[in-house]
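In: Sequence first, then the predicted structure:
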Amino acid sequence: MTVVHTLPSRPAAIRPGAISITDLTVSYDRVPAVHHLSGTFATGSLTAIVGPNGAGKSTLLNAIIGAIPADEGRIEITGIDRHRIGYLPQRADIDQTFPISVYDTVALGLWHETGMFRRVSADGRQRVHAALNALGLSGLDLRPIGHLSVGQFQRALFARLMLQDAGLILLDEPFAGLDTTTTADLMQQIADWHGEGRTIVAVLHDLAQVRQSFPDTLLLSKGRAIWGGSREVLTATNLSAAGYIVETVAVPAPALVAGARA
Amino acid sequence: MTLYHLLFEPFVAYGFLRRALLACLALSLGCGPIGVLLVLRRMSLMGDAMSHAILPGAAIAFLIAGLSLPAMSLGGLIAGLLVAMLAGAVSRATPLKEDASMAGFYLTSLALGVLIVSARGSNVDLLHVLFGSILSVDTPALLLVAAISAITLATLAVIYRPLIVECFDPGFLRAVGGHGPLFHGIFLGLVVLNLVAGFQSLGSLMAVGLMMLPATAARLWARDVLSLFWVASLIAFLSGYIGLLASYHLNLASGPAIIFTAGLAYVGSIVFGRNGGLVRTYFPPPHYHTTPAEHGR
Amino acid sequence: MRFDWVRIVGWIGAPQTTVPRPRLRFARNPTWSGASAVGLRANDGHGLSRTVWGALTQPTVLALLLIHPTLALAAPLKVVASFTILADMVRQVAGPHAEVIALVGPGGDTHTFDPSPADAGKLGGADLIVVNGLGLDGWMERLAKAADLKVPILTASVDVAPRQMTEAGQTVPDPHAWQDPRIGGMYLRAIALALKTADPAHATTFTDNTDRLTAALEALDQNARQQIAGVPASRRRIITSHDAFGYFGRAYGVSMLAPEGISTDQEPSAGAVARIIDQIRSQAIGTVFIENMANPRLIETIRTDTGATDGGTLYSDSLSPPDGPAPTYLAMLRYNISKLVAAMKGS
């Protein structure tokens, strides 16, 4: 895989990244999961990746961060250092039984400052606690991550992302298994990041949420990829072609007309 | 029998017991953390597998250099490293998980070792020669174990953070650019180094036993990795100390006495451990009443 | 232990068995006067079955063979012994009339020997098998039984009343009887008897050799007693890592102290090692012996802690290689005794 760096052109506090994909083919377990994909995640965009299971969504994210090598094609990341990508793995890929505290897990978000060996500075410690408070986890910093509920653990991972201060954020199923309150809180956090100008890509399953909150969508299904604005992409035609079961709801005509006028 | 006579006098009077205790100390310091990491990575049976996997290396060294202990230890070390690396590589590149690929390699390695030894026609039990005993630790063996422990602790201090992250969140480590397989490889190297040094100076039962039993027991007392390290080391050293005393006063075989003491510590931890022991689970201490605001959300 | 001569005749025309047999021994002794008398040619290179059949159709030869079966056995006996000490004894008694091999070579461990199929082949070609018995080499008899061999087996210790020892918590007979020279004499007599039955033609040679050797053993025994008498009674103690000198100790009133017991696999307790150290220190024993195949590390430990010196190697369960100090049984006894007495005196 070729990853090309370009120097950032503006010295802003937030340096957002962009991803440009050219004719990408990636295999998972020796089966091609992403086929000849081409497209762009523009700077500052907020894109959802949707598709049925097995369509290659997680594989694409893994290829972008460099975990899986591409068979063909290029992924070009501009604007940021490849190692400053904020990546939220699927919760199943993290061993929650590991004996580590919430504080230590969240403090890993300061990796770009501490690297592998340096200690977290006093200022860094304060920022860790601030992040924990911002996500409603105050007081839980010494608890082992195994004692957290699903919602609390996801918040902790978001706190880590917050500390990473990344210009490009990749989220793999961030709301899987969460209740609506936590989902709303975390979605708000994503919206805040988007407002700060960061580029965000999220793999999601809830199409209603995508329609509501994500301006852009990449619809992946076996052999097909449709990029674009969410409304244009998530049509019944595209979805049923992608393998979703689409329900058509009959709405009385007067209500439709009334809605259109309003 | 005074307390002094019971607990201290044997070590004052006999050099071999002093050396044995020092060897236990050195081994505990090195093997405690390594054992904890093996348990956390679900590689608990690796020690036993490794005690068989080193045979072809020792056999080839025996063919070249005869019954030379340093040569055979070096050969065993190389064989052990090869098996560990190959097993790790195979588990990353194929659907086989680490335990299956390790089993495949160590069994093949053991069979190869037996073939080499029997082709030579000698009846010397190489593993018997290679494996020492805690009571016959001499100064070179003591220095070897101490050096290995020092190297282990120093290396772990350096690679601690990436190694831990690689254990529980390898995706994050990849994203921030850490070379996960490299640190895993270094860790495997430390494991093999500790095991081979332990075999040669103390025997396979003691080396593997002092590595795994205290680590599993420590899980029931400590909640974070660093605490697990020192609790495991402490349990290992106390098992050595009590085991040696039992071997002296009660006339028990030394290695098994130490490991059995560690086993008792393990059982005791299961029952009384503060972090998930049976007593705590079934007879929990009284709850404090907290306000809803103090409950984490 | 008798040979039946049906077997002798049967050899001549016997088909190949599964165990490869050597060529007929008739071919190996071209000086056999009987052979030249009846015109048998030796060493014609093709095996003698053709020639022998041709010869044996002559009634004279057949009659001679039936009347004097011993004429058929003038070639050296093939004897397989379990280990080098027994092999040497057989060699000494039989002289040139036997070819002897030992399955366990110098430095090998007879207790734990694991015979291979090649060893079974060697047994198959033998006329006599010699074992020690008393639990040392039970594998030999098991091997012979498994290979279904009809070779007679002599247990050299058949006349010996064994002493008992504890091994792994049990009381078992001590097999190392040959370390007592008088018992060595009994071994020799048993071996001589077996050889005479197998090869009566040379019985006088065997008897002469046995008498000579027994006299040498008695002289050695007297010499040993004299030497040990020169050691004060309180210092008649030996530390060695292998409990193979029990009979020696019993014969000469020497206490043998062994830290590991008979089995080299047993792991010692700290208490036992401490007691050995105490004993060495309190009795000022200055020399400690390492048996030539046990784990020497423990002995090193004891020596480091007591300051005792290394007495060198004692040959307990096997002879040394031919260029070593104990290539024969007598040489081994002499060597061991001189070392042990020196240790007792010098400590």
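Out: Sure thing, it's come through.
In: and residue 198, what pLDDT?
Out: Picked chain A for this. We have a pLDDT of 92 for A:Arg198.
In: wait, chain B
Out: 80.
In: Isn't it up against B:Gly209?
Out: No - distance between B:Gly198 and B:Gly209: 9.5 Å, which falls outside the contact criterion (CB atoms under 8 Å). C-beta: built from backbone N, CA, C; applies to glycine.
In: correct me, but B:Gly75 touches B:Gly57?
Out: Yes - B:Gly75 lies in contact with B:Gly57 (CB under 8 Å); the separation is 3.7 Å.
In: ok, C:Gln88 - contacts?
Out: No Gln there; residue C:88 is Asp. C:Leu319, C:Pro327, C:Thr328, C:Tyr329 (CB atoms under 8 Å, 6 or more residues apart in numbering or on different chains).
In: most neighbours, which of those?
Out: Top of these by neighbour number is C:Tyr329, holding 26 neighbours under the definition other CB atoms under 10 Å in any protein chain shown.
In: ok, so what distance separates the nearest residue to C:Arg236 once chain neighbours are set aside from C:Asp310?
Out: Spatial nearest neighbour of C:Arg236, chain neighbours left out: C:Val254 (4.6 Å); criterion: CB to CB, 6 or more residues apart in numbering or on different chains. Noted for C:Val254: a distance of 19 Å to C:Asp310, by CB to CB, to the nearest Å.
In: now the closest residue to A:Leu46 other than its chain neighbours: how far from A:Tyr103?
Out: Counting by CB to CB, 6+ apart, A:His194 is the residue found nearest to A:Leu46 once chain neighbours are left out, at 4.5 Å. Between A:His194 and A:Tyr103 the computed distance is 27 Å (CB to CB).
In: Looking at C:Val254 and C:Asp310, which is more packed in?
Out: Between C:Val254 and C:Asp310, counted using other CB under 10 Å, the more crowded position is C:Val254 (19 against 13).
In: Quickly find the element holding residue 219.
Out: Using chain A here. strand A:216-221 (DSSP states H and E).
In: wait, chain C
Out: Short version, using DSSP H and E: C:Ala219 is in helix C:203-229.
In: for the record, mean pLDDT for that helix?
Out: In the prediction, helix C:203-229 has an average pLDDT of 92.
In: Equivalent analysis for stretch A:94-101, please.
Out: For stretch A:94-101, the per-residue pLDDT averages 90.
In: Identify each buried residue in it, please.
Out: Under the neighbour-count criterion of 16 or more other CB atoms under 10 Å in any protein chain shown, stretch A:94-101 has A:Ile94, A:Asp95, A:Gln96, A:Phe98, A:Pro99, A:Ile100, A:Ser101 buried.
In: Would that stretch count as contacting chain B?
Out: Yes - Stretch A:94-101 reaches chain B (CB under 8 Å from any CB of the partner chain) through A:Ile94, A:Asp95, A:Phe98, A:Pro99, A:Ile100, A:Ser101.
In: What lies in contact with that stretch?
Out: Counting by CB under 8 Å, 6+ apart, A:141-146, A:148, A:153, A:157, B:40, B:164, B:167-169, B:171-172, B:219, B:222-225, B:228 sit against stretch A:94-101.
In: end to end, how far does it reach?
Out: End-to-end span of stretch A:94-101 (CA to CA, to the nearest Å): 14 Å.
In: Run the chain-centre distance for that stretch.
Out: Relative to the centre of its chain, stretch A:94-101 is centred 22 Å away, using CA atoms, centre = their mean, to the nearest Å.
In: quick revisit: quick one: buried ones out of the contacts of stretch A:94-101?
Out: A:141, A:143-145, A:148, A:153, A:157, B:40, B:164, B:167-169, B:171-172, B:219, B:222-225, B:228.
In: Count the neighbours of the residue nearest to A:Leu46 for me.
Out: 19.
In: That one and A:Thr47: what is the separation?
Out: 10 Å.
In: anything in contact with each of those two?
Out: A:Ile200.
In: Do any residues in the host helix or strand of B:Leu21 lie close to chain A?
Out: Using DSSP H and E, B:Leu21 falls within helix B:15-40. Yes - using CB under 8 Å from any CB, a contact is recorded between helix B:15-40 and chain A, made by B:Leu40.
In: Looking at that helix now, give me its mean pLDDT.
Out: Averaged over helix B:15-40, pLDDT sits at 93.
In: Which strands or helices does the helix or strand following it pack on?
Out: Toward the C-terminal end, the helix or strand that comes next after helix B:15-40 (DSSP H and E) is helix B:46-53. Other helices and strands packing on helix B:46-53, by 3 or more CB pairs under 8 Å, 6 or more residues apart in numbering or on different chains; DSSP states H and E, are helix B:69-93, helix B:98-120, helix B:180-202, helix B:204-218.
In: Out of those helices, flag the one nearest C:Ser157.
Out: Within the helices and strands packed on helix B:46-53, the stretch nearest C:Ser157 is helix B:98-120; the backing value is 30.6 Å (CB to CB).
In: For the closest one, which outside residues touch it?
Out: B:42-43, B:45-46, B:49-50, B:52-60, B:62-63, B:79, B:83-84, B:86-88, B:90-91, B:94, B:96, B:124, B:126.
In: Now, of the residues you listed, which are buried?
Out: Applying 16+ other CB under 10 Å to the contacts of helix B:98-120 flags B:43, B:46, B:49-50, B:52-60, B:62, B:79, B:83-84, B:86-88, B:90-91, B:126 as buried.
In: Many thanks, we can stop here.
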